[in-house]
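Colleague: sharing a model prediction with you, sequence too.
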Amino acid sequence: MPIRSLLAEDAVRCDEIIAALPYFFGVEAGVAACAEAVRTQRGWVAEVDGVVAGFLTVEDPINPEISWMAVQPEHRHHGLGKALISIAVDVLTTENHTLLTVLTLGPSVAEQPDDNYSGTRRFYRSVGFRAVREVDLVGWGQPALLMARQLGQPGSTVVNS
């Protein structure tokens, strides 16, 4: 699966991926924020058969932070997410960044669907992120979990396990 830099012309396809994940991205404000991110932030896309099947965007508020990441439902659990994290880690490490963070829904939030944020948290742990703390953020409406991964350490590049 080719991984390449996110381009302006990928934005509409990224919007389609988000629309295919309504449970995770069903809040209108979040969909709009993601649409803005894929049009203004740097990132990477994973392609399957020449079609964008997943993406990751990064913003740099203090340390780089994964702002959005999504993989088309039928391509989840096939290594695209790990590959996207791996390229982000590699690039950010070469830029001398030492920490990468991500926010996701906190574990104290009760969820009903089988495919929920516990899987998201498990995924981030599997690629080297560790939970820092659950926080209440303005605009989130529910507790968020701050997760972080140290960069630039020996063995810090993601490998498929």
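Modeller: Done, it's in.
Colleague: hey, let's count contacts and neighbours off CA atoms from now on
Modeller: Will do.
Colleague: need the contact partners of the helix or strand of the chain with the lowest mean pLDDT.
Modeller: Each helix and strand of the chain was given a mean pLDDT (mean pLDDT, DSSP states H and E); the minimum falls on helix 22-25 at a mean of 73. For helix 22-25, the surrounding residues in contact (CA atoms under 8 Å, 6 or more residues apart in numbering) are 18-19, 31, 116-117.
Colleague: 10 Å - rerun?
Modeller: Helix 22-25 is contacted from outside by 17-19, 30-32, 34, 70, 105, 113, 115-117, 120, using CA atoms under 10 Å, 6 or more residues apart in numbering.
Colleague: which strands and helices lie in contact with the helix or strand following it?
Modeller: Later in the chain than helix 22-25, the nearest helix or strand by DSSP states H and E is helix 28-40. Packing partners of helix 28-40 (3 or more CA pairs under 10 Å, 6 or more residues apart in numbering; DSSP states H and E): helix 11-19, helix 22-25, strand 51-59, strand 65-71.
Colleague: can you give me the buried ones in helix 28-40?
Modeller: 30-31, 34-35, 37-39 (16 or more other CA atoms under 10 Å).
Colleague: sweet, I'm off.
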